[in-house]
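1. A predicted structure for the sequence below; I have some questions about it.
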Amino acid sequence: MACRQRDGRREYARSWCGVGEQLQRFRGQLGRLQRGRRRLLQHHGGAWLTKSYDWGNNNAWETDFKSSDLGGNDANYADNVDFAYFSGHGNTAGFYLGTTHADWQVAASDLRLGDKDLDYLAISSCLTMNYNSGQVFSKWGWPVFKGLHMICGMDTVEADTPSIGSTSPTT
């Protein structure tokens with residue numbers, strides 16, 4: 001993956017939830033997802049030179065992703081890196097953070113990505129990219145893409161397996 005290096009660096013950031021105020025009951029489920037997050041970044045470790053932040057649970061906020069134009073702070077967080085990764089719970093309405101700091105859901109309508117720096121967003125959450133007879137394109141397309149190259153996510157329920165984030169289905 002090639003990134004625009006506006007500032008001469010390639011940065012990545014990761015946010016994850018699993019033990020937050022709203023997600024306490026899912027405590028055991030996300031352990032394997034966290035291993036997937038680590039594997040993904042280890043695999044690309046040579047390409048992503050600088051880690052900007054690693055917010056987890058109650059430190060991962062909706063405002064980190066929400067457009068600054070809509071009252072968020074993405075210009076300092078998700079849209080201030082080249083690659084952002086979120087691991088946690090989601091559904092067709094969006095993905096969920098572990099705290100109600102501002103709002104615990106990030107919906108597509110909250111996002112305007114790439115207008116500062118973000119090139120790639122990976123969302124490791126159930127159903128966030130559900131095709132839904134093509135509605136995924138109207139929901140996650142314009143105006144979300146403001147310079148963003150790609151969003152990766154799950155069309156279906158994400159399986160909690162030991163091989164998540166691995167290049168091998170048995171790892």
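-> That came through, no problem. Numbers count the residues shown, from 1 in each chain.
2. from now on I want contacts and neighbour counts done on CA atoms only, so please keep to that.
-> Will do.
3. which stretches of this protein have low pLDDT?
-> 1-9, 18-49, 160-171 (pLDDT under 70).
4. what segments of it are helices?
-> 31-43, 135-140 (DSSP state H).
5. how many other residues sit next to Ala108?
-> By other Cα atoms under 10 Å, 21 other residues sit near Ala108.
6. go on, Leu97?
-> By other Cα under 10 Å, the residues close to Leu97 number 31.
7. once you drop chain neighbours, what's closest to it?
-> Distance criterion Cα to Cα, 6 or more residues apart in numbering; nearest residue to Leu97, sequence neighbours excluded, is Trp104 at 4.9 Å.
8. one more: Asn130?
-> The nearest residue in space to Asn130 (Cα to Cα, 6+ apart) is Asp155, at 3.9 Å.
9. how about Asp115?
-> Lys146 (5.1 Å).
10. show me the contacts for that neighbour.
-> Applying Cα atoms under 8 Å, 6 or more residues apart in numbering, we find Lys146 in contact with 112-115.
11. what's the answer for Ala78, then?
-> Per Cα under 8 Å, 6+ apart, neighbours of Ala78: 13, 64-65, 84, 118.
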